[in-house]
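> predicted model follows, preceded by the sequence.
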Amino acid sequence: MKRGFDGLLVENISPTPSIVDFNQFIQDFSSSPPSPNSLRLKRKPIKRYTTKTPPSTLILSHQSEALSDPIKHIFHQISSTHTRNLNQMDIDYSSNNNTNLRFVFFLGVQGKEYIDIIQHKFISMINTTSSTNSQILFISSNLPQLTFPISTNNQCLQLVNSFKIKDPLGGGLYPLDYLYVIDQNDLIRCKIPIIINSNSNRLMNKSSLRNRNLGGLSNHLNFGVELEQLPGFIEEYMAYFH
């Protein structure tokens, strides 16, 4: 159909629907209305990103101190020397080349008496998390021959001097009780005192506050992780670096 407007000829491409066509549309719609689901707007799936919460004691990578080559060599010596006569679980976490985390326990005169307890807690944690890419080392002096990685007296002395955690009351042979967590890039991600006996340390805390002549000892006793808290502490780091 063509119509003219002021001398212009315009072609009506889309003819106006008639009343009959509209009534037919209403009738069809009423007889078979669309389902509610077809009228819903489709939402795009939301991408959810989960971030791991870092442990409160974690040292950020850009603030972490890297191990020197001599220290890495000593750690390697300790690990490789004590892989003999070990069960498979011990071998997995003491000599794994793909170690994500290394837990290094520096233990003094009192602390070294708890090596078996710490070792048991660590193995229990590995069994719980099904993780075999973690390593544990014990650093102290005058240790008996054990079936897991421990230092010699000379290795202990070198490490204690390097990390500057010598116990001023240990006769120059023993370290303060400390735990170092080292990642796969040989960065120190945590260094925290271990509180072996919380009750005795609280008493020593009070005296150390009155006597600052003890140097690093007072700072060492003012904070730390207690022996009973080690499983949760280790689990937190394993989960974050897994």
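The structure has been received and is ready for your questions.
> all helices for the chain, in order.
19-31, 36-39, 69-81, 88-94, 115-129, 153-163, 198-210, 216-221, 230-241 (DSSP state H).
> what helices or strands is the longest one leaning on?
Using 3 or more C-beta pairs under 8 Å, 6 or more residues apart in numbering; DSSP states H and E as the contact test, the elements touching helix 115-129 are helix 88-94, strand 101-106, strand 134-139, helix 230-241. (Each C-beta comes from the backbone N, C-alpha and C, glycine too.)
> make a markdown table out of these and add distance to I196.
As requested, the helices and strands packed on helix 115-129 are exported to a markdown table (distance: least, C-beta to C-beta, whole Å):
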| stretch | distance to I196 |
| --- | --- |
| helix 88-94 | 23 |
| strand 101-106 | 11 |
| strand 134-139 | 14 |
| helix 230-241 | 11 |
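> ok, which of the ones you listed comes nearest S56?
The closest of the helices and strands packed on helix 115-129 to S56 is helix 230-241. By C-beta to C-beta, the value is 8.7 Å.
> between the closest one and strand 134-139, how big is the angle?
Angle between the axes of helix 230-241 and strand 134-139 is 130 degrees (criterion: axes from the mean of the first three to the mean of the last three C-alpha atoms, to 10 degrees).
> pull helix 230-241 out as PDB, backbone CA atoms only.
The C-alpha coordinates for helix 230-241 follow below in PDB (Å, rounded to 0.1, in the frame of the first residue of the first chain):
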ATOM      1  CA  LEU A 230      52.300 -26.700  67.500                       C
ATOM      2  CA  PRO A 231      49.800 -29.000  65.700                       C
ATOM      3  CA  GLY A 232      47.500 -26.100  64.900                       C
ATOM      4  CA  PHE A 233      50.400 -23.900  64.000                       C
ATOM      5  CA  ILE A 234      51.900 -26.400  61.600                       C
ATOM      6  CA  GLU A 235      48.500 -27.200  60.100                       C
ATOM      7  CA  GLU A 236      48.000 -23.500  59.400                       C
ATOM      8  CA  TYR A 237      51.200 -23.200  57.500                       C
ATOM      9  CA  MET A 238      50.700 -26.400  55.600                       C
ATOM     10  CA  ALA A 239      47.200 -25.300  54.500                       C
ATOM     11  CA  TYR A 240      48.400 -21.900  53.300                       C
ATOM     12  CA  PHE A 241      51.300 -23.200  51.300                       C
END
